[in-house]
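Asker: Predicted model, plus sequence, below.
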Amino acid sequence: MIRTALEFLSEELNSYFKRKDAENLGNVDCVVLSNLMKPDGTFAVPTDQANENFKVIVTLINMEEDKVAESQYNYQKLNDRLLVVNPPVNINAYVLFSVFASHYPTALRLLSYIISFFQSQSVFDSENYPQMNAKADANKPWLKVGRLVTTLYSPSFEQQNNLWAALGAKYMPNVIYKVRTMSFIDSEPKMEAPPITEVTISDN
């Protein structure tokens with residue numbers, strides 16, 4: 001589900017770039033879902049130092065449980081039985097959008113486009129974006145995303161410094177968005193019982 005959500009946002013952002021700046025970005029796929037650094041400490045995204053090169057790198061940096069969206073046990077009916085399924089775990093994801101560019105003004109322009117993209121459309125759902133789950137296996141419904149809500153997240157200077165140190169990367173122009181809510185649920189029942197068909201009240 002996390003992969004489905006982030007691949008979808010990456011592709012939508014890439015399409016937005018092409019519409020926003022067809023002259024410079026119309027034939028370029030510059031958004032990539034990737035780590036910033038490889039385990040050996042080298043930059044994870046290929047670059048061409050001989051020519052002007054630019055990439056927007058989408059990276060998951062943190063997750064948290066969404067307590068506000070916490071729900072109770074789910075009860076599902078299958079034939080003549082009731083199935084009890086554990087409540088879903090609702091997750092908020094923090095996503096880093098880093099801009100690498102050999103030409104610094106280009107990086108700033110791309111950063112502005114990212115902010116404009118999420119300002120213009122902060123809510124994504126499968127009804128308005130039927131392509132949201134295009135890459136998810138139809139036989140694996142737990143991979144599908146129903147609705148995403150994005151909000152700008154502004155860390156302090158200290159938090160940002162700690163983040164880039166943890167990533168092991170040199171600072172790049174960036175912005176962080178909080179993406180909520182992704183619900184993880186295992187459809188395997190935890191309890192099974194016949195339905196209540198009548199109620200008997202005792203006089204005792």
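Answerer: Yes, it's here.
Asker: residues of stretch 19-33 that come out buried?
Answerer: Lys20, Leu25, Cys30, Val31, Val32, Leu33 (16 or more other Cβ atoms under 10 Å). (C-beta placed from N, C-alpha, C; glycine too.)
Asker: Which two among the residues you listed are spaced furthest apart?
Answerer: Spatially, the most separated pair among these is Lys20 and Leu33, at 19.8 Å (Cβ to Cβ).
Asker: returning to what we had before: just the buried residues of stretch 19-33: which are in strands?
Answerer: Members of the buried residues of stretch 19-33 lying in strands (criterion: DSSP state E): Val31, Val32, Leu33.
Asker: related to what we said a few turns ago, need the buried residues of stretch 19-33 in JSON lines with distance to Arg147, can you?
Answerer: Formatted as JSON lines, the buried residues of stretch 19-33 follow (distance: Cβ to Cβ, whole Å):
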{"residue": "Lys20", "distance to Arg147": "25"}
{"residue": "Leu25", "distance to Arg147": "28"}
{"residue": "Cys30", "distance to Arg147": "27"}
{"residue": "Val31", "distance to Arg147": "22"}
{"residue": "Val32", "distance to Arg147": "25"}
{"residue": "Leu33", "distance to Arg147": "20"}
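Asker: Including pLDDT and distance to Tyr129, could these go into JSON lines?
Answerer: Putting those into JSON lines (pLDDT from 0 to 100; distance: Cβ to Cβ, whole Å) gives the following:
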{"residue": "Lys20", "pLDDT": "93", "distance to Tyr129": "18"}
{"residue": "Leu25", "pLDDT": "91", "distance to Tyr129": "21"}
{"residue": "Cys30", "pLDDT": "92", "distance to Tyr129": "21"}
{"residue": "Val31", "pLDDT": "95", "distance to Tyr129": "16"}
{"residue": "Val32", "pLDDT": "95", "distance to Tyr129": "20"}
{"residue": "Leu33", "pLDDT": "96", "distance to Tyr129": "17"}
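Asker: from the middle of its chain, how far away would the longest helix belonging to the chain be?
Answerer: Criterion DSSP state H: the longest helix present in the chain is helix 2-20. Offset of helix 2-20 from its chain centre (Cα atoms, centre = their mean, to the nearest Å): 10 Å.
Asker: Can you name every helix or strand that it contacts?
Answerer: If you count contacts as 3 or more Cβ pairs under 8 Å, 6 or more residues apart in numbering; DSSP states H and E, helix 2-20 packs onto strand 31-33, strand 54-65, strand 89-101, helix 104-120, strand 123-125, strand 147-153, strand 174-184.
Asker: And Ala166, how far from Ile61?
Answerer: Plainly put, Ala166 is 9 Å away from Ile61 if you go by Cβ to Cβ, to the nearest Å.
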